[in-house]
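**Student:** quick one: sequence plus predicted model below, questions after.
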Amino acid sequence: MGGTSKKPISNMEKRMRKLQEESAKKEKKTGQSKNVKENPNKTVQVDEGVIERVKGEISKESYITPYALANRLGISISASKHLLNDLYKRGEIKLVSKTRRVALYSNN
């Protein structure tokens, strides 16, 4: 009626020690930990070269989103949002649709 009993602390300690040893062996084999993930550096400095590349990408497609631009140029999504918004304010591209999450731009 009382349900299952808990395992003794010594058994839990043995299990944890065994798991740590196994993970240490795997890490030693591969030379890296699985938990370490390398993120590419996506810093961008806005100059005329970057703006020309953005204009070139926009002219290739009929519509462009910040996500698509970020993937093509290798920059962060927030940077692509700022670039597209800046070009829209300059009047070089047209805002087609905007929702709470994404904006859709097209070439003039």
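**Tutor:** Received the coordinates, thanks.
**Student:** what ranges does the chain have for its helices?
**Tutor:** Secondary structure of the chain by DSSP state H: the helices cover 9-30, 48-60, 66-73, 77-90.
**Student:** got these as JSON lines, with mean neighbour count, mean pLDDT and distance to Val96 columns?
**Tutor:** In this view, the C-beta of every residue, glycine as well, is placed from N, C-alpha and C. Formatted as JSON lines, those follow (neighbours: other CB atoms under 10 Å; pLDDT from 0 to 100; distance: least, CB to CB, whole Å):
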{"stretch": "helix 9-30", "mean neighbour count": "10", "mean pLDDT": "86", "distance to Val96": "47"}
{"stretch": "helix 48-60", "mean neighbour count": "14", "mean pLDDT": "87", "distance to Val96": "12"}
{"stretch": "helix 66-73", "mean neighbour count": "17", "mean pLDDT": "92", "distance to Val96": "13"}
{"stretch": "helix 77-90", "mean neighbour count": "16", "mean pLDDT": "93", "distance to Val96": "10"}
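**Student:** domains for the chain, by residue range?
**Tutor:** Using automatic domain parsing, the domain ranges for the chain come out as 8-37, 48-107.
**Student:** how about JSON lines for those, with distance to Gly2 added?
**Tutor:** Formatted as JSON lines, the domains of the chain follow (distance: least, CB to CB, whole Å):
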{"stretch": "domain 8-37", "distance to Gly2": "17"}
{"stretch": "domain 48-107", "distance to Gly2": "51"}
